[in-house]
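Participant: please work out how this folds:
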Amino acid sequence: MLLKLTLPIGGLLLLLCLAAGPRPQTSAGTAQPAAQAKSANVPAYSKDGRLLFPSHYREWVFLSSGVDMSYLPKAQAAGHSVFDNVFVNPEAYQKFLQTGTWPDKTVLVLEGRMGMEKGSINQSGHFQGTQLMGFEVHVKDETRFPGKWAFFDFDNEVSGSLFPKEADCYSCHADHAAVDTTFVQFYPTLLPIAKQKQTLSESYVKEEAAGK
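Facilitator: Numbering: from 1, shown residues only. Next up, the predicted model:
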């Protein structure tokens, strides 16, 4: 989706496995039609194990947005800003509000959009453009994946490929994520709930204490 771990800009979530590049376009200049999953709000897969694109993700719960975030000490300029928007299926969101953690069949979508500076009456700062930079999805499917969670990269709006378990995103999320291998520390409305429910990971609590 957006940028890989070895590149400068990280995603909000999730997701350190992103692959930079503009979305595939049709001749009319719009994104390719999305495949319909069996259900709009739970993960569905093709026969060869690819994750079907959750085409209605923009009707889900918006968690947060970041701009030009980086998980690396020194970030190289990409020539433009990138916004990361994070959405989660509403059933998982409601469960998190109750428990402070994610249920099985949670689907987190990271959408990357080109950052813009000039447009209309804007005179300073950045806003999100219409160009999609890519998608990545973080799925909790306990019976399907040995580690419960898996990452999928999408270069189209049909289906995404599974990141191998050796990919850096898995270990990074395990080592640094606030709740259940997800970066809840970057979701301002959910972090207080995790603190209240006492579901913060031990590694995250130690990192926070060391940083103070």
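Participant: which strand in this protein runs the most residues?
Facilitator: When the chain is parsed with DSSP state E, its longest strand is strand 127-140.
Participant: elements contacting that strand?
Facilitator: If contacts are counted by 3 or more CB pairs under 8 Å, 6 or more residues apart in numbering; DSSP states H and E, strand 127-140 sits against strand 82-88, strand 107-116, strand 149-154, strand 159-162. Heads up, the C-betas are built off the backbone N, CA and C, glycines and all.
Participant: quick one: which of those is nearest E136?
Facilitator: strand 107-116 (4.7 Å; CB to CB).
Participant: in its sheet, what does that closest one sit against?
Facilitator: If you go by DSSP bridges, strand 107-116 pairs up with strand 82-88 (antiparallel), strand 127-140 (antiparallel).
Participant: just those strands: most buried one?
Facilitator: Highest mean neighbour count of these: strand 82-88, a mean of 24 (counted as mean count of other CB atoms under 10 Å).
Participant: chain center to that strand, what's the gap?
Facilitator: Here strand 82-88 is found 6 Å from its chain centre; the criterion is CA atoms, centre = their mean, to the nearest Å.
Participant: which residues touch stretch 177-197?
Facilitator: 12-14, 63-64, 66, 69, 86, 96-97, 99-102, 108, 138, 140, 149, 170, 173-174, 176, 199-201, 204 (CB atoms under 8 Å, 6 or more residues apart in numbering).
Participant: now do the same end-to-end measure for that stretch.
Facilitator: End-to-end span of stretch 177-197 (CA to CA, to the nearest Å): 16 Å.
Participant: that one - what's its average pLDDT?
Facilitator: In this model, stretch 177-197 carries a mean pLDDT of 97.
Participant: number the chain from 51, please
Facilitator: All right, first residue 51 from here; so that's stretch 227-247.
Participant: may I see the buried residues of it?
Facilitator: 227-237, 240-241, 243-244 (16 or more other CB atoms under 10 Å).
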